[in-house]
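Engineer: model this:
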Amino acid sequence: MNSYADFEGERYWLLEKYAPSQKSEGEWKYDLKLYGIESIVKRFLVLETTDGDAEPVFRLTATPREHVAMIVKCINDGMGHTTDWKVGQVDGTDLIVIDYEGKYCDEALKEVAEKVSGKAE
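Structural biologist: Predicted coordinates for the structure are as follows:
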């Protein structure tokens, strides 16, 4: 996941092992797929790490912002412990309950949005 290309201000990653094929003595064929961040987020589990463990099965009752902050931390950790991703504006202040049972970050973000507004945005 360390290979990437920047194109028109966006970064795209090579997620699968890839080797070009040789068409002739001096010609190689490249047919690789690069993926945006939305594809990468689908690969990271939401992990509860407050006690130093990485537990993928837990229930959290918290504000939407706290849920999103935890998910963003998992994305940053999955991206090599970066701090690139930040929590922006998160609507809703009521406590919501989410069962994280091997849930991926994209699924978790969708569930937070649905619990806050009744639809994913």
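Engineer: Which parts of the chain are strands?
Structural biologist: 4-7, 10-14, 21-24, 27-29, 34-35, 57-62, 96-101 (DSSP state E).
Engineer: who does the last one touch, helix- and strand-wise?
Structural biologist: Which is strand 96-101. Here strand 96-101 touches strand 57-62, helix 64-78, helix 105-117, going by 3 or more CB pairs under 8 Å, 6 or more residues apart in numbering; DSSP states H and E. Heads up, the C-betas are built off the backbone N, CA and C, glycines and all.
Engineer: now for the first one, which elements pack on it?
Structural biologist: Using 3+ CB pairs under 8 Å, 6+ apart as the contact definition, the elements that strand 57-62 packs against are helix 64-78, strand 96-101.
Engineer: Make CSV out of the strands of the chain and add mean pLDDT.
Structural biologist: CSV is the format used below for these (pLDDT from 0 to 100):
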stretch, mean pLDDT
strand 4-7, 90
strand 10-14, 88
strand 21-24, 91
strand 27-29, 92
strand 34-35, 89
strand 57-62, 95
strand 96-101, 96
